[in-house]
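Asks: Fold the following for me, if possible:
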Amino acid sequence: MDLIVSGKNFRLTPSLKNYVEQKVGRLSRFWRRIIRARVELDVDHNQKSGDIYRVEAKVEVPGPDIRLGIKARDMHAAVDLIVPKLERLIGKAKAKIDSRGRRSRPRDSSSGLV
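Replies: Model prediction:
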């Protein structure tokens, strides 16, 4: 899986980038067919308090891509919130692709069953 981490409206520190790579990199354990994951970290400078840190993720998989965005009070918390949600969405996409593959297989007529 190719992982791209970028920052918008703030400077991305190496420690934060490593943290995101460690957390989001675990997604490849759930499905080997993940092509690429893009994670964009953003700070809303127009908002003075509350959930001003945003993490947006786009995971490219066979079929429709998975997109998700989370806002939180801390950048690490936003990353921690987005990873389990991405895991669930990847599981759903994987199940959908797998079930589609099972339905389209032709039945084996040589089994002798009538």
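
Asks: Can you check the pLDDT for Ser49?
Replies: In this prediction, Ser49 carries a pLDDT score of 81.

Asks: Over to Arg105?
Replies: 53.

Asks: And Ser6, by the same measure?
Replies: Per-residue pLDDT puts Ser6 at 95.

Asks: swap in the one 3 residues further on?
Replies: The score at Asn9 is 83. That number is its pLDDT.

Asks: Please name the nearest non-neighbouring residue to it.
Replies: Excluding the flanking residues, the one nearest Asn9 by C-beta to C-beta, 6 or more residues apart in numbering is Val43, at 5.1 Å. C-beta: built from backbone N, CA, C; applies to glycine.

Asks: Correct me if wrong: Gly91 contacts Phe30.
Replies: Yes - the criterion here is C-beta atoms under 8 Å, and Gly91 meets it with Phe30 at 6.4 Å.

Asks: What's the separation between Val20 and Leu27?
Replies: Distance, Val20 to Leu27, using C-beta to C-beta, to the nearest Å: 11 Å.

Asks: What of Val83?
Replies: Taking C-beta to C-beta, one finds Val83 at 7 Å from Leu27.

Asks: Counting neighbours, go ahead and name the busier of those two.
Replies: Using other C-beta atoms under 10 Å as the criterion, Val83 and Leu27 rank with Leu27 on top: 21 against 18.
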